[in-house]
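Visitor: Kindly return the folded structure for what I paste below:
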Amino acid sequence: MSYPEYPRPRYHGDKGEVNAVFRPADAPPDVSSPGGSTHYLATNESTGGEFGLYKMELGARSAGARTHFHKTMSESFYILSGELELYNGEKWVTGREGDFLYVPVGGLHAFKNVTDEPMSMLMLFSPGAPREEYFERVAEMTQRGGEELKHFRIRHDSYFVEDFEPGEE
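Guide: As a prediction, this is how the structure comes out:
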């Protein structure tokens, strides 16, 4: 059996470096809103664009995100606690603790918490993208609506399928 080759080295030293980043579990969320909170575990900046990893906590009956896709990055969801309805491009599936959904570039997806309990998940974007402004301003921009919201979403590689909601064909 042959295995794929490793990528080319990007570090060319012979002694290694002290450059790890630690974030304690009790660090406060970076963004809080009535619907939940987001913790910036690894940002585009901190990983040199390799990936972005975020812990998101959604409150009970939280709307999440409507059907959309990304043109530059994949998105993955790993459920830490509770339940989350995930749209995989074909149908809604219920994600529970330990469940994982990978959405390749261009893949339709959506998520929402329809339960009476909060939930938490990890969201991984690859390659990394500067998602922090999106998380910090999406609620404000959604309230503004219109062309301003559309341009905000496009600038953040989020293409929403406004006229289609899964299961409502």
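Visitor: C-alpha from now on. contacts and neighbour counts both.
Guide: OK.
Visitor: Next, the buried residues of the longest helix along the chain.
Guide: As assigned by DSSP state H, the longest helix anywhere in the chain is helix 132-144. Buried residues in helix 132-144, counted by 16 or more other Cα atoms under 10 Å: E132, Y134, F135, M141.
Visitor: Next one: the residue with the shortest distance to the centre of the chain from A27, what distance?
Guide: Residue closest to the mean C-alpha point of the chain, counted by Cα atoms, centre = their mean, is M123 at 3.9 Å. Applying Cα to Cα, to the nearest Å, the value for M123 to A27 is 17 Å.
Visitor: just to revisit the earlier point, show the subsequent helix or strand relative to the longest helix of the chain.
Guide: helix 146-155 (DSSP states H and E).
Visitor: Name the nearest residue to E83, ignoring sequence neighbours.
Guide: Spatial nearest neighbour of E83, excluding adjacent residues (Cα to Cα, 6 or more residues apart in numbering): R96 at 4.7 Å.
Visitor: helices and strands around the helix or strand that Y102 is a member of, which ones?
Guide: Per DSSP H and E: Y102 is located in strand 100-103. Other helices and strands packing on strand 100-103, by 3 or more Cα pairs under 8 Å, 6 or more residues apart in numbering; DSSP states H and E, are strand 74-81.
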